[in-house]
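>>> Just the structure for this:
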Amino acid sequence: ISRQNLTAVIVSFKSDQVIDNCIKSIPNEIRIIVVDNSNDKKFKENVEKKYSNVECILSSTNLGMGPGNNFGLKYVKTDFAMIINPDVVFEENSVDELIHELKKIGTFEISAPISSDPKYPNYKIDKKFLRNKNNLEPFKVKSIDGYAMVLNLKKLNEIENFYFFDENFFMYLENDDLCKRLKKHGGNIFVVPKSKINHLGGKAVNSKYSVEIELSRNWHWVWSKFYFNKKHYGFLNSLMATLPTFFSAVMKYFF
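Numbers count the residues shown, from 1 in each chain. Okay, here's the model as predicted:
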């Protein structure tokens with residue numbers, strides 16, 4: 001893995017107010033593919049004019065996060081791809097730290113930098129493998145959040161019948177599904193503490209669309225939760241897990 005053998009994929013939707021900070025935090029030797037789900041030709045023109053390492057691909061429809069990432073991955077020609085949300089900013093030298101530490105690990109399928117805010121960790125870990133937080137060495141986790149992750153495409157493509165993001169997830173839990181499927185195949189997922197990121201959280205879309213986005217999130221969170229649980233634990237378990245969330249979303253919609 002190196003800057004030259006790594007491509008960043010950013011799925012955007014009305015993300016013009018945050019994406020510049022994201023792109024600027026990535027070394028310009030790394031190729032960046034932006035999949036714009038809002039089909040904004042002016043946005044494409046501006047972002048490609050500003051940054052020589054950016055290619056913006058317009059989607060005629062809003063694909064969502066999982067399908068949007070899959071769409072962007074089709075244009076990746078390197079062995080490694082870095083999936084990033086537009087409201088993520090790498091701290092200084094974080095990308096190089098990430099590359100350096102992943103070289104030391106050697107074998108991994110998925111990895112991630114660590115959230116700079118310890119109150120909101122971007123990973124889930126088995127309780128029996130609690131880590132020493134003073135240790136800055138990479139550590140294995142159960143799953144990582146999808147707003148910043150590195151995929152070892154070569155290793156993932158070696159797994160029989162393995163696919164990247166399940167396109168039944170429009171947004172939410174597509175990363176959990178990916179990690180869960182990988183774990184079933186014995187894959188390794190690492191978090192790299194020396195590489196830090198700042199995630200604004202829910203700021204990827206321009207705030208003037210906040211009402212529409214909130215309604216959309218209500219629906220997609222319920223659907224993703226239902227589909228994820230049905231896929232991995234069966235229909236009845238899914239129904240029991242999702243009904244309270246569904247009624248809560250209905251109340252939020254009307255009131």
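
>>> Where is the longest strand in this structure?
Assignment by DSSP state E gives strand 189-199 as the longest strand of the chain.

>>> Tabulate the CA atom coordinates of that one in PDB.
C-alpha atoms of strand 189-199 as PDB (Å, rounded to 0.1, in the frame of the first residue of the first chain):
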ATOM      1  CA  ILE A 189     -10.500  -5.800  10.300                       C
ATOM      2  CA  PHE A 190      -8.100  -3.300  11.900                       C
ATOM      3  CA  VAL A 191      -8.200   0.100  13.400                       C
ATOM      4  CA  VAL A 192      -5.100   2.300  13.300                       C
ATOM      5  CA  PRO A 193      -4.900   4.600  16.400                       C
ATOM      6  CA  LYS A 194      -2.000   6.700  15.000                       C
ATOM      7  CA  SER A 195      -4.200   7.800  12.100                       C
ATOM      8  CA  LYS A 196      -6.900  10.200  13.300                       C
ATOM      9  CA  ILE A 197     -10.000  11.600  11.600                       C
ATOM     10  CA  ASN A 198     -12.500  14.200  12.500                       C
ATOM     11  CA  HIS A 199     -16.100  13.300  11.500                       C
END
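
>>> Describe which strands it pairs with in its sheet and in which direction.
strand 88-90 (antiparallel), strand 110-115 (parallel), strand 139-140 (antiparallel) (DSSP bridges).

>>> Turn those into TSV, columns for mean pLDDT, distance to Arg3 and mean neighbour count.
(C-beta placed from N, C-alpha, C; glycine too.) Listed next are these as TSV, based on pLDDT from 0 to 100; distance: least, C-beta to C-beta, whole Å; neighbours: other C-beta atoms under 10 Å:
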stretch	mean pLDDT	distance to Arg3	mean neighbour count
strand 88-90	95	13	24
strand 110-115	96	15	25
strand 139-140	92	24	18
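
>>> Dump those into CSV; add distance to Asn188 as well.
Below are the strands paired with strand 189-199 laid out as CSV (distance: least, C-beta to C-beta, whole Å):
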stretch, distance to Asn188
strand 88-90, 22
strand 110-115, 8
strand 139-140, 6
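
>>> of all the ones you listed, which lies closest to Ile159?
For Ile159, the closest of the strands paired with strand 189-199 is strand 110-115, at 11.7 Å, according to C-beta to C-beta.

>>> partners of whatever helix or strand comes next after the closest one in the sheet?
Using DSSP states H and E, the helix or strand that directly follows strand 110-115 along the chain is strand 123-124. Strand 123-124 has these partner strands in its sheet, going by DSSP bridges: strand 143-144 (antiparallel).

>>> Quick one: mean pLDDT over the partner strand.
Averaging pLDDT along strand 143-144 gives 94.

>>> Direction included, what does the following helix or strand past it pair against?
Of the helices and strands lying after strand 143-144 in sequence (DSSP H and E), the nearest is strand 148-152. Strand 148-152 sits in its sheet next to strand 80-84 (antiparallel), strand 110-115 (antiparallel), going by DSSP bridges.

>>> among those, which is nearest Pro138?
Per C-beta to C-beta, nearest to Pro138 of those: strand 110-115, 7.3 Å.

>>> Pull the distance from the closest one to the chain's centre.
Chain-centre distance of strand 110-115: 10 Å, with C-alpha atoms, centre = their mean, to the nearest Å.
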